[in-house]
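Visitor: pasted the sequence and its predicted model underneath.
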There are 2 protein chains.
Amino acid sequence: MWGIIATWRMAFDGVTVASQLLKEGIAVGDAIELAIRLIEDNPLYKSVGYGGLPNIQGTVQLDAAYMDGDTYQIGSVAGISDVKNPISVAKQLSKERFNSFLVGEGARDYAVLHGFDIQNMLTDRAKSEWEKRLKEVQKNKLNPYDGHDTVGMVGLDVSGSMATGTSSSGLFMKQAGRIGDSPLSGSGFYVDSDIGGATATGLGEDLMKGCLSYEIVRLMKDGYSPQAACNQAVYDFADRLTKRNETAGAFSLIAMNRHGEWGVATNVEFAFVVATEKQKPTVYVATPTKDKQTTIEKVTEEWLEQQRKHATID
Amino acid sequence: MWGIIATWRMAFDGVTVASQLLKEGIAVGDAIELAIRLIEDNPLYKSVGYGGLPNIQGTVQLDAAYMDGDTYQIGSVAGISDVKNPISVAKQLSKERFNSFLVGEGARDYAVLHGFDIQNMLTDRAKSEWEKRLKEVQKNKLNPYDGHDTVGMVGLDVSGSMATGTSSSGLFMKQAGRIGDSPLSGSGFYVDSDIGGATATGLGEDLMKGCLSYEIVRLMKDGYSPQAACNQAVYDFADRLTKRNETAGAFSLIAMNRHGEWGVATNVEFAFVVATEKQKPTVYVATPTKDKQTTIEKVTEEWLEQQRKHATID
């Protein structure tokens, strides 16, 4: 059995390539790195890698992480600039015994020293969106939080190894140096090859309050199916957070266990992609129900067409 | 009932002051901030705040976090320089709905903008240790990991509110931009006023692999005593990590529940401080046993005298 699950429609092409390679027996870490690089390299995706929207100063600062479910090794970068593929830096850092989570200039310097590609990550399109938003801020109509489109993936290869990776440009118009949940173990991702893995997208500031990726893996360890684990963790936390903190941001979690079974839970409409030995790459949309379950539907051709327009036309 | 538990002998004076204030009815967040500030301000403590040992470039980069157990609000700074009291910046950030985890220059700029005290955090003593170690590195005898003396505290006030805080200069001779577990929710700290809280000190790179602070709180939620929760989480993870990853760094966890009961587990000899309504401030030393329990003993006057010498004489 092999399988891969990923957040958002934008992951479709990456998952399609990765699933072909997983079928051919590639190691899951390599499949995830490759799939996330494809998304980072696509200038049309406004929330990951090249073309990602900048912070309030106009600087693109990126977060990424990689975790190996066999060894628990983790590599993370946060607030990194000028680096073409943050996921690849994170994956290399996961092999370091010390200094495996680097932020800011230190992260960039590590990438330069180790020969990773450096480039200007600000596209004309992202710059123009930033300028437009700056004007809106001056008019005092700012909503700093615009979508939550981190790419996160969990995968399983034919040898039974699991891994997870995340990559994000974070909150549009974030303050300089702000980091989200994507590079944080337990909040943005967690995986154990003996159990399964989970990853998150959403308002990082709230995801950190719940450690939901870890909680979902823990519930799967206790015998929950991925779907039951996602429902239990996400809807229970959304309730508690709203009760304690008056409000809860948007967040969505996906999970896969070591048998390639998968699940999802979310407090907003949320698209994701799955491919397994039993199932060709498919885009689904998940929606929360009133009784704390999740409705999951394959997307229609019309929906995909709308997404294509949304992604390519500004 | 009120109570406070903190990592390491260096926390004794801070805990003593905080316990007096908790007795008088101060809010737990204020007590923890005050206690950690005292430790940050003490130039004799080589692993926290002023006098903390620098990174490999000679720069003091600090990590800190604060979490409110009533609201789950979290503030974190990582890789911050020139800021006298990182814990106070973290506490203020915990009130921000967005941008509550800041790293590097962005974290420093936030502190400057909000009027926090800025100072040169490198003491002559820390600089001289760094120079000495640099020479050892040149002679190729480097062990980059030197102690794990993060201060972490969990407290409970008479109104039943709980909070946790951490502060650390991280790994001595760390790479620029390296951050540890101290600013990371779930790994370095976690607290829920309905249950209890936990905090960690140790090799951050390994603590991130286990999310042990969250796991201990979760076990307390399931009915474990703080001591049973610490034993279960820490020794199980130490076993799994050694099995999966060949080696496990040093780590120590402390916990307190909402009744002021406390616990500790560690894979090395580890000193910590406790004060509660029932118990004046006391320094204990914890040691792991072969059957996955923890031996806890009050320290002797001789031990304290040794520590005093160690702290003041280089």
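Guide: Right, received. Where do you want to start? Numbering: from 1, shown residues only, chains lettered A, B, ... in the order given.

Visitor: would you mind listing what in the stretch 201-314 of chain A touches chain B?
Guide: Residues of the stretch 201-314 of chain A lying close to chain B by Cβ under 8 Å from any Cβ of the partner chain are A:203-205, A:208-211, A:214-215, A:218, A:240-241, A:244-245, A:247. Any C-beta I mention is one placed from the backbone N, CA and C, and that applies to glycine too.

Visitor: take these and keep only those in strands.
Guide: Among these, no member falls in strands (criterion: DSSP state E).

Visitor: what's the PyMOL syntax to select whichever of those are buried?
Guide: Command for PyMOL that selects the buried part of these, burial taken from 16 or more other Cβ atoms under 10 Å in any protein chain shown:
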select buried, chain A and resi 203+204+205+208+209+210+211+214+215+218+240+241+244+245
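
Visitor: can you tell me which of the residues of the stretch 201-314 of chain A next to chain B are in helices?
Guide: A:204-205, A:208-210, A:214-215, A:218, A:240-241, A:244-245 (DSSP state H).

Visitor: quick one: residues contacting the residue of the stretch 1-150 of chain A found nearest chain B.
Guide: The stretch 1-150 of chain A approaches chain B most closely through residue A:106 (1.7 Å), counting by Cβ to the nearest Cβ. Residue A:106 makes contacts with B:79, B:104, B:175-178, as judged by Cβ atoms under 8 Å, 6 or more residues apart in numbering or on different chains.

Visitor: by neighbours, which of these wins?
Guide: residue B:79 (33 neighbours; other Cβ atoms under 10 Å in any protein chain shown).

Visitor: give the partner strands of the helix or strand harbouring it in its sheet and their orientations.
Guide: Using DSSP states H and E, the secondary-structure element containing residue B:79 is strand B:74-80. Strand B:74-80 has the following sheet partners, assigned by DSSP bridges: strand B:62-68 (antiparallel), strand B:101-103 (parallel).

Visitor: which strands or helices does the helix or strand following it pack on?
Guide: Using DSSP H and E, the helix or strand that follows strand B:74-80 towards the C-terminus is helix B:86-93. Counting contacts by 3 or more Cβ pairs under 8 Å, 6 or more residues apart in numbering or on different chains; DSSP states H and E, helix B:86-93 packs against helix B:28-41, strand B:62-68, strand B:74-80, helix B:104-113, strand B:162-168.

Visitor: check the offset of the longest one from the chain's centre.
Guide: It stands for helix B:28-41. Using Cα atoms, centre = their mean, to the nearest Å, the distance from the centre of helix B:28-41 to the centre of the chain it belongs to is 12 Å.

Visitor: what sits up against it?
Guide: Contacts for helix B:28-41 (Cβ under 8 Å, 6+ apart): B:2, B:4, B:6, B:10-11, B:13-15, B:17-18, B:21-22, B:45, B:48-50, B:64, B:66, B:68, B:84-88, B:91, B:151, B:153, B:155-157, B:161-167.

Visitor: pull the distance from stretch A:282-302 to the chain's centre.
Guide: 18 Å.

Visitor: nope, stretch A:178-192 is what I was after
Guide: Relative to its parent chain, stretch A:178-192 has a centroid offset of 9 Å by Cα atoms, centre = their mean.

Visitor: wait, residue A:206 touches residue A:246, no?
Guide: No: if you go by Cβ atoms under 8 Å, residue A:206 and residue A:246 don't touch, sitting 11.7 Å apart.

Visitor: of the two, who's got more company?
Guide: The neighbour comparison of residue A:206 against residue A:246 (other Cβ under 10 Å) goes to residue A:206, with 30 against 9.

Visitor: so where's the stretch 51-200 of chain A uncertain?
Guide: For the stretch 51-200 of chain A, applying pLDDT under 70 flags the ranges A:141-148.

Visitor: chain B contacts on that one?
Guide: So the stretch 51-200 of chain A meets chain B at A:70-74, A:78-79, A:96-107, A:109-110, A:144-145, A:171, A:174-180, A:184-187, A:190 (Cβ under 8 Å from any Cβ).

Visitor: elements contacting the helix or strand where residue A:152 lies?
Guide: Using DSSP H and E, residue A:152 maps to strand A:151-156. With contacts taken as 3+ Cβ pairs under 8 Å, 6+ apart, strand A:151-156 sits against strand A:3-7, helix A:12-23, helix A:28-41, strand A:162-168, strand A:189-192, strand A:196-202, strand A:251-257.
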